[in-house]
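Asker: only geometry, no sequence info:
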(Lines give C-alpha, C1' and ligand atoms only; values in the text may rest on other atoms or scores of the structure.)
Protein backbone atom coordinates (compact mmCIF):
# COMPACT_ATOMS: atom_id res chain seq x y z
CA UNK A 1 0.00 0.00 0.00
CA UNK A 2 1.17 3.55 -0.65
CA UNK A 3 1.90 6.09 2.08
CA UNK A 4 -1.50 7.74 1.73
CA UNK A 5 -3.28 4.47 2.40
CA UNK A 6 -1.05 3.68 5.38
CA UNK A 7 -1.56 7.17 6.79
CA UNK A 8 -5.31 6.81 6.42
CA UNK A 9 -5.46 3.42 8.06
CA UNK A 10 -3.31 4.34 11.05
CA UNK A 11 -5.98 6.51 12.74
CA UNK A 12 -8.62 3.96 11.76
CA UNK A 13 -6.77 1.27 13.69
CA UNK A 14 -6.31 3.52 16.70
CA UNK A 15 -9.97 4.52 16.83
CA UNK A 16 -11.06 0.90 16.43
CA UNK A 17 -9.11 0.09 19.58
CA UNK A 18 -10.01 3.05 21.75
CA UNK A 19 -13.65 2.95 20.68
CA UNK A 20 -14.17 -0.76 21.15
CA UNK A 21 -16.08 -0.40 24.40
CA UNK A 22 -18.59 2.01 22.92
CA UNK A 23 -21.95 1.08 21.48
CA UNK A 24 -21.55 0.61 17.73
CA UNK A 25 -24.24 0.99 15.12
CA UNK A 26 -24.31 0.26 11.41
CA UNK A 27 -20.74 -0.52 10.48
CA UNK A 28 -18.37 0.79 13.12
CA UNK A 29 -15.95 3.62 12.46
CA UNK A 30 -13.59 1.34 10.53
CA UNK A 31 -16.18 -0.05 8.16
CA UNK A 32 -17.75 3.30 7.28
CA UNK A 33 -14.39 4.98 6.77
CA UNK A 34 -13.14 2.24 4.48
CA UNK A 35 -16.33 2.20 2.39
CA UNK A 36 -16.07 5.96 1.87
CA UNK A 37 -12.38 5.90 1.00
CA UNK A 38 -12.57 2.89 -1.33
CA UNK A 39 -15.53 4.39 -3.19
CA UNK A 40 -13.83 7.74 -3.69
CA UNK A 41 -10.60 6.16 -4.92
CA UNK A 42 -12.62 4.23 -7.51
CA UNK A 43 -14.64 7.12 -8.97
CA UNK A 44 -14.63 7.37 -12.79
CA UNK A 45 -12.08 9.60 -14.45
CA UNK A 46 -14.74 11.93 -15.91
CA UNK A 47 -15.72 13.26 -12.50
CA UNK A 48 -14.48 16.61 -11.11
CA UNK A 49 -10.82 16.69 -10.15
CA UNK A 50 -11.46 18.05 -6.65
CA UNK A 51 -13.02 14.70 -5.71
CA UNK A 52 -9.73 12.89 -6.43
CA UNK A 53 -7.45 14.72 -3.99
CA UNK A 54 -6.15 12.79 -0.95
CA UNK A 55 -7.77 15.38 1.31
CA UNK A 56 -11.20 14.97 -0.30
CA UNK A 57 -10.96 11.19 -0.15
CA UNK A 58 -10.02 11.28 3.53
CA UNK A 59 -12.80 13.80 4.26
CA UNK A 60 -15.45 11.51 2.79
CA UNK A 61 -14.07 8.64 4.87
CA UNK A 62 -14.58 10.73 8.00
CA UNK A 63 -17.92 12.18 6.90
CA UNK A 64 -19.26 8.69 6.18
CA UNK A 65 -19.49 8.34 9.96
CA UNK A 66 -21.60 11.47 10.35
CA UNK A 67 -25.16 10.07 10.67
CA UNK A 68 -23.99 7.93 13.59
CA UNK A 69 -22.51 11.02 15.23
CA UNK A 70 -25.87 12.79 15.06
CA UNK A 71 -27.33 10.36 17.58
CA UNK A 72 -28.37 11.71 20.95
CA UNK A 73 -29.61 15.09 19.68
CA UNK A 74 -33.04 14.57 21.26
CA UNK A 75 -36.58 14.24 19.96
CA UNK A 76 -37.88 14.36 17.29
CA UNK A 77 -34.43 14.17 15.70
CA UNK A 78 -33.37 10.81 17.09
CA UNK A 79 -36.63 8.96 16.55
CA UNK A 80 -36.79 10.13 12.94
CA UNK A 81 -33.11 9.84 12.05
CA UNK A 82 -32.15 6.66 13.92
CA UNK A 83 -34.70 4.60 12.00
CA UNK A 84 -33.14 5.73 8.70
CA UNK A 85 -30.22 3.32 9.17
CA UNK A 86 -32.11 0.08 8.55
CA UNK A 87 -35.11 -1.64 7.06
CA UNK A 88 -36.32 -4.80 8.79
CA UNK A 89 -37.26 -7.40 6.16
CA UNK A 90 -38.54 -10.88 6.86
CA UNK A 91 -37.08 -13.97 5.22
CA UNK A 92 -39.37 -13.50 2.19
CA UNK A 93 -38.22 -9.91 1.67
CA UNK A 94 -41.31 -8.15 3.05
CA UNK A 95 -41.10 -5.26 5.50
CA UNK A 96 -41.47 -6.78 8.99
CA UNK A 97 -43.73 -9.71 8.04
CA UNK A 98 -46.26 -10.89 5.45
CA UNK A 99 -48.36 -7.76 6.07
CA UNK A 100 -45.60 -5.48 4.77
CA UNK A 101 -44.64 -4.64 1.20
CA UNK A 102 -41.57 -5.82 -0.69
CA UNK A 103 -38.89 -3.29 -1.57
CA UNK A 104 -40.06 -3.41 -5.19
CA UNK A 105 -43.48 -2.24 -3.98
CA UNK A 106 -42.28 0.78 -1.99
CA UNK A 107 -44.58 3.78 -2.35
CA UNK A 108 -43.21 6.94 -3.93
CA UNK A 109 -43.10 8.89 -0.65
CA UNK A 110 -41.95 7.95 2.82
CA UNK A 111 -45.17 9.39 4.23
CA UNK A 112 -47.11 6.92 2.05
CA UNK A 113 -44.83 4.13 3.28
CA UNK A 114 -45.51 5.07 6.90
CA UNK A 115 -49.26 5.22 6.27
CA UNK A 116 -49.29 1.82 4.52
CA UNK A 117 -47.39 0.16 7.37
CA UNK A 118 -49.64 1.75 9.99
CA UNK A 119 -52.74 0.63 8.10
CA UNK A 120 -51.31 -2.92 8.03
CA UNK A 121 -50.86 -2.83 11.81
CA UNK A 122 -47.07 -2.54 11.72
CA UNK A 123 -44.89 -0.23 13.79
CA UNK A 124 -43.21 2.33 11.55
CA UNK A 125 -40.42 2.93 14.05
CA UNK A 126 -39.61 -0.77 14.19
CA UNK A 127 -39.62 -1.14 10.40
CA UNK A 128 -37.01 1.47 9.50
CA UNK A 129 -36.75 3.44 6.25
CA UNK A 130 -33.24 2.92 4.89
CA UNK A 131 -34.19 2.84 1.17
CA UNK A 132 -35.78 6.29 1.45
CA UNK A 133 -32.70 7.64 3.25
CA UNK A 134 -30.54 6.39 0.38
CA UNK A 135 -32.81 7.84 -2.31
CA UNK A 136 -33.14 11.19 -0.52
CA UNK A 137 -29.36 11.47 -0.16
CA UNK A 138 -28.83 10.65 -3.85
CA UNK A 139 -31.30 13.30 -4.95
CA UNK A 140 -29.56 15.85 -2.74
CA UNK A 141 -26.16 14.96 -4.23
CA UNK A 142 -27.52 15.29 -7.77
CA UNK A 143 -28.61 18.86 -6.89
CA UNK A 144 -25.13 19.56 -5.50
CA UNK A 145 -23.48 18.44 -8.70
CA UNK A 146 -25.90 20.43 -10.86
CA UNK A 147 -25.09 23.63 -8.98
CA UNK A 148 -21.37 22.86 -9.14
CA UNK A 149 -21.54 22.42 -12.92
CA UNK A 150 -23.20 25.83 -13.33
CA UNK A 151 -20.81 27.57 -10.95
CA UNK A 152 -17.76 26.01 -12.57
CA UNK A 153 -18.87 26.94 -16.09
CA UNK A 154 -19.91 30.46 -15.11
CA UNK A 155 -16.68 31.15 -13.23
CA UNK A 156 -14.60 30.22 -16.28
CA UNK A 157 -16.58 32.48 -18.65
CA UNK A 158 -17.35 35.47 -16.41
CA UNK A 159 -15.46 38.65 -17.31
CA UNK A 160 -16.79 40.77 -14.44
CA UNK A 161 -14.24 40.25 -11.66
CA UNK A 162 -16.72 40.74 -8.82
CA UNK A 163 -19.12 38.20 -10.27
CA UNK A 164 -16.29 35.79 -11.01
CA UNK A 165 -15.12 36.04 -7.40
CA UNK A 166 -18.64 35.26 -6.18
CA UNK A 167 -18.89 32.24 -8.48
CA UNK A 168 -15.54 30.97 -7.22
CA UNK A 169 -16.48 31.39 -3.56
CA UNK A 170 -19.82 29.68 -4.10
CA UNK A 171 -18.16 26.84 -6.03
CA UNK A 172 -15.82 26.22 -3.11
CA UNK A 173 -18.76 26.23 -0.71
CA UNK A 174 -20.51 23.74 -2.99
CA UNK A 175 -17.45 21.50 -3.06
CA UNK A 176 -17.47 21.32 0.73
CA UNK A 177 -21.18 20.46 0.63
CA UNK A 178 -20.59 17.78 -2.00
CA UNK A 179 -18.02 16.02 0.17
CA UNK A 180 -20.35 16.21 3.15
CA UNK A 181 -23.28 14.89 1.15
CA UNK A 182 -21.30 12.04 -0.41
CA UNK A 183 -20.29 11.12 3.14
CA UNK A 184 -23.88 11.12 4.37
CA UNK A 185 -25.08 9.14 1.38
CA UNK A 186 -22.13 6.82 1.86
CA UNK A 187 -23.21 6.13 5.40
CA UNK A 188 -26.65 4.95 4.37
CA UNK A 189 -25.36 3.04 1.34
CA UNK A 190 -22.79 1.46 3.66
CA UNK A 191 -25.52 0.51 6.13
CA UNK A 192 -27.22 -1.24 3.23
CA UNK A 193 -24.29 -3.63 2.79
CA UNK A 194 -24.40 -4.77 6.44
CA UNK A 195 -26.67 -7.84 6.70
CA UNK A 196 -28.13 -6.88 10.07
CA UNK A 197 -29.50 -3.63 8.66
CA UNK A 198 -31.82 -5.42 6.25
CA UNK A 199 -33.41 -8.03 8.48
CA UNK A 200 -35.75 -8.76 11.36
CA UNK A 201 -32.86 -10.92 12.66
CA UNK A 202 -30.83 -7.81 13.40
CA UNK A 203 -29.32 -8.76 16.76
CA UNK A 204 -29.39 -12.50 17.09
CA UNK A 205 -32.05 -14.56 15.34
CA UNK A 206 -34.76 -13.33 17.70
CA UNK A 207 -38.19 -14.68 18.50
CA UNK A 208 -38.73 -16.40 15.16
CA UNK A 209 -38.71 -20.04 14.01
CA UNK A 210 -35.09 -21.13 14.29
CA UNK A 211 -34.66 -24.65 12.89
CA UNK A 212 -30.88 -24.27 12.42
CA UNK A 213 -30.34 -23.14 15.99
CA UNK A 214 -28.79 -19.75 15.22
CA UNK A 215 -27.51 -17.58 18.03
CA UNK A 216 -29.78 -15.28 20.00
CA UNK A 217 -26.91 -13.34 21.55
CA UNK A 218 -27.68 -9.63 21.71
CA UNK A 219 -23.98 -8.96 21.09
CA UNK A 220 -23.96 -10.57 17.63
CA UNK A 221 -24.53 -7.41 15.63
CA UNK A 222 -22.09 -5.18 17.52
CA UNK A 223 -19.23 -7.67 17.67
CA UNK A 224 -19.41 -8.38 13.95
CA UNK A 225 -19.51 -4.84 12.63
CA UNK A 226 -17.33 -3.29 15.30
CA UNK A 227 -14.60 -5.29 16.98
CA UNK A 228 -14.29 -8.05 14.38
CA UNK A 229 -14.39 -5.70 11.38
CA UNK A 230 -11.88 -3.44 13.09
CA UNK A 231 -9.48 -6.37 13.37
CA UNK A 232 -9.73 -7.78 9.87
CA UNK A 233 -10.75 -5.04 7.40
CA UNK A 234 -8.08 -3.89 4.94
CA UNK A 235 -8.42 -1.22 2.29
CA UNK A 236 -6.35 -3.08 -0.29
CA UNK A 237 -8.45 -6.23 0.10
CA UNK A 238 -11.69 -4.25 -0.16
CA UNK A 239 -10.54 -2.49 -3.31
CA UNK A 240 -9.49 -5.79 -4.88
CA UNK A 241 -12.92 -7.29 -4.12
CA UNK A 242 -15.03 -4.42 -5.48
CA UNK A 243 -17.14 -5.48 -8.47
CA UNK A 244 -16.80 -3.55 -11.70
CA UNK A 245 -18.74 -0.32 -12.10
CA UNK A 246 -22.18 -0.54 -13.64
CA UNK A 247 -23.45 1.73 -16.39
CA UNK A 248 -25.01 4.80 -14.76
CA UNK A 249 -27.19 5.55 -17.80
CA UNK A 250 -30.86 5.45 -16.83
CA UNK A 251 -30.00 5.05 -13.14
CA UNK A 252 -33.15 4.63 -11.04
CA UNK A 253 -32.29 5.01 -7.34
CA UNK A 254 -35.56 3.42 -6.22
CA UNK A 255 -35.06 0.26 -8.27
CA UNK A 256 -31.35 0.18 -7.50
CA UNK A 257 -31.97 0.46 -3.74
CA UNK A 258 -34.47 -2.41 -3.89
CA UNK A 259 -32.04 -4.67 -5.75
CA UNK A 260 -29.09 -3.76 -3.54
CA UNK A 261 -30.88 -4.23 -0.22
CA UNK A 262 -32.48 -7.48 -1.39
CA UNK A 263 -29.02 -8.78 -2.30
CA UNK A 264 -27.77 -7.90 1.18
CA UNK A 265 -30.77 -9.65 2.71
CA UNK A 266 -29.55 -12.79 0.95
CA UNK A 267 -26.39 -12.71 3.08
CA UNK A 268 -28.24 -12.89 6.41
CA UNK A 269 -28.58 -16.69 6.66
CA UNK A 270 -25.00 -17.24 5.40
CA UNK A 271 -23.86 -14.84 8.13
CA UNK A 272 -25.65 -16.78 10.86
CA UNK A 273 -24.33 -20.09 9.56
CA UNK A 274 -20.81 -18.69 9.64
CA UNK A 275 -21.35 -17.25 13.11
CA UNK A 276 -22.50 -20.67 14.31
CA UNK A 277 -19.33 -22.17 12.83
CA UNK A 278 -17.14 -19.68 14.74
CA UNK A 279 -16.06 -17.66 11.72
CA UNK A 280 -16.29 -14.28 13.48
CA UNK A 281 -13.80 -14.98 16.26
CA UNK A 282 -10.27 -13.64 16.45
CA UNK A 283 -9.15 -13.06 12.84
CA UNK A 284 -10.72 -16.13 11.25
CA UNK A 285 -10.11 -15.96 7.46
CA UNK A 286 -13.67 -17.10 6.72
CA UNK A 287 -15.12 -14.19 8.62
CA UNK A 288 -12.51 -11.81 7.21
CA UNK A 289 -13.50 -12.79 3.67
CA UNK A 290 -17.16 -12.17 4.48
CA UNK A 291 -16.39 -8.72 5.92
CA UNK A 292 -14.28 -7.86 2.90
CA UNK A 293 -17.01 -8.88 0.48
CA UNK A 294 -19.65 -6.86 2.31
CA UNK A 295 -17.49 -3.73 2.61
CA UNK A 296 -16.54 -4.07 -1.06
CA UNK A 297 -20.22 -4.30 -1.98
CA UNK A 298 -20.92 -1.09 -0.05
CA UNK A 299 -17.94 0.75 -1.57
CA UNK A 300 -18.86 -0.31 -5.12
CA UNK A 301 -22.46 0.77 -4.58
CA UNK A 302 -21.38 4.16 -3.24
CA UNK A 303 -19.04 4.61 -6.22
CA UNK A 304 -21.89 3.86 -8.61
CA UNK A 305 -24.47 6.03 -6.84
CA UNK A 306 -22.02 8.95 -6.79
CA UNK A 307 -21.17 8.57 -10.47
CA UNK A 308 -24.86 8.30 -11.35
CA UNK A 309 -25.63 11.54 -9.48
CA UNK A 310 -22.88 13.31 -11.41
CA UNK A 311 -24.16 12.13 -14.77
CA UNK A 312 -27.81 12.87 -13.96
CA UNK A 313 -26.85 16.42 -12.99
CA UNK A 314 -25.87 17.22 -16.60
CA UNK A 315 -29.52 17.27 -17.67
CA UNK A 316 -30.89 19.13 -14.65
CA UNK A 317 -32.33 22.59 -14.27
CA UNK A 318 -31.44 24.62 -11.18
CA UNK A 319 -31.87 28.05 -9.58
CA UNK A 320 -34.71 30.53 -9.86
CA UNK A 321 -35.64 31.45 -12.50
CA UNK A 322 -34.59 27.96 -13.50
CA UNK A 323 -31.72 27.54 -15.93
CA UNK A 324 -30.68 24.37 -17.70
CA UNK A 325 -27.27 23.07 -16.70
CA UNK A 326 -26.49 22.04 -20.28
CA UNK A 327 -27.22 25.53 -21.60
CA UNK A 328 -24.98 27.18 -19.01
CA UNK A 329 -22.18 24.72 -19.75
CA UNK A 330 -22.63 25.45 -23.47
CA UNK A 331 -22.36 29.18 -22.80
CA UNK A 332 -25.80 30.06 -24.18
CA UNK A 333 -27.36 31.21 -20.89
CA UNK A 334 -26.13 33.64 -18.22
CA UNK A 335 -27.02 32.11 -14.82
CA UNK A 336 -26.20 35.16 -12.67
CA UNK A 337 -29.69 36.11 -11.48
CA UNK A 338 -30.70 32.47 -11.09
CA UNK A 339 -27.74 31.82 -8.82
CA UNK A 340 -27.58 35.04 -6.82
CA UNK A 341 -31.30 35.75 -6.63
CA UNK A 342 -33.27 38.77 -7.80
CA UNK A 343 -34.13 39.98 -4.30
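Answerer: The structure has been received and is ready for your questions. This is a predicted model, so every value here is computed, not measured.
Asker: mind naming the longest helix for the chain?
Answerer: The helix that spans the most residues within the chain, counting by DSSP state H, is helix 161-191.
Asker: the closest residue to residue 297 other than its chain neighbours: what's it in contact with?
Answerer: Of all residues beyond its chain neighbours, the one nearest residue 297 is residue 193 (4.6 Å), with distances taken as C-beta to C-beta, 6 or more residues apart in numbering. Every residue, glycine included, has its C-beta placed from N, CA and C. Residues near residue 193 by C-beta atoms under 8 Å, 6 or more residues apart in numbering: 27, 35, 260, 264, 294, 295, 297, 298, 301.
Asker: among these, name the ones in strands.
Answerer: Among these, no residue falls in strands (DSSP state E).
Asker: looking at those, which is nearest residue 226?
Answerer: Nearest to residue 226 out of these is residue 27 (C-beta to C-beta; 8.2 Å).
Asker: which residue packs closest to that closest one, ignoring adjacent ones?
Answerer: That would be residue 225: by C-beta to C-beta, 6+ apart, it lies 5.0 Å from residue 27.
Asker: that neighbour: what secondary structure?
Answerer: helix (DSSP: H, G, I helix; E, B strand; the rest coil).
Asker: so it sits against residue 28, correct?
Answerer: Yes: between residue 225 and residue 28 there is a contact at 5.5 Å, judged by C-beta atoms under 8 Å.
Asker: quick check on the residue nearest to residue 297: phi, psi?
Answerer: With angles defined as degrees, to the nearest 10, residue 193 sits at phi -100, psi -10.
Asker: hmm, back to that, how about the contacts of residue 193, which pair is most distant?
Answerer: Spatially, the most separated pair among the contacts of residue 193 is 27 and 260, at 15.3 Å (C-beta to C-beta).
Asker: number of nearby residues for residue 340?
Answerer: 13 (other C-beta atoms under 10 Å).
Asker: can you tell me the closest non-neighbouring residue to it?
Answerer: residue 166 (7.1 Å).
Asker: what's the pLDDT at that neighbour?
Answerer: We have a pLDDT of 98 for residue 166.
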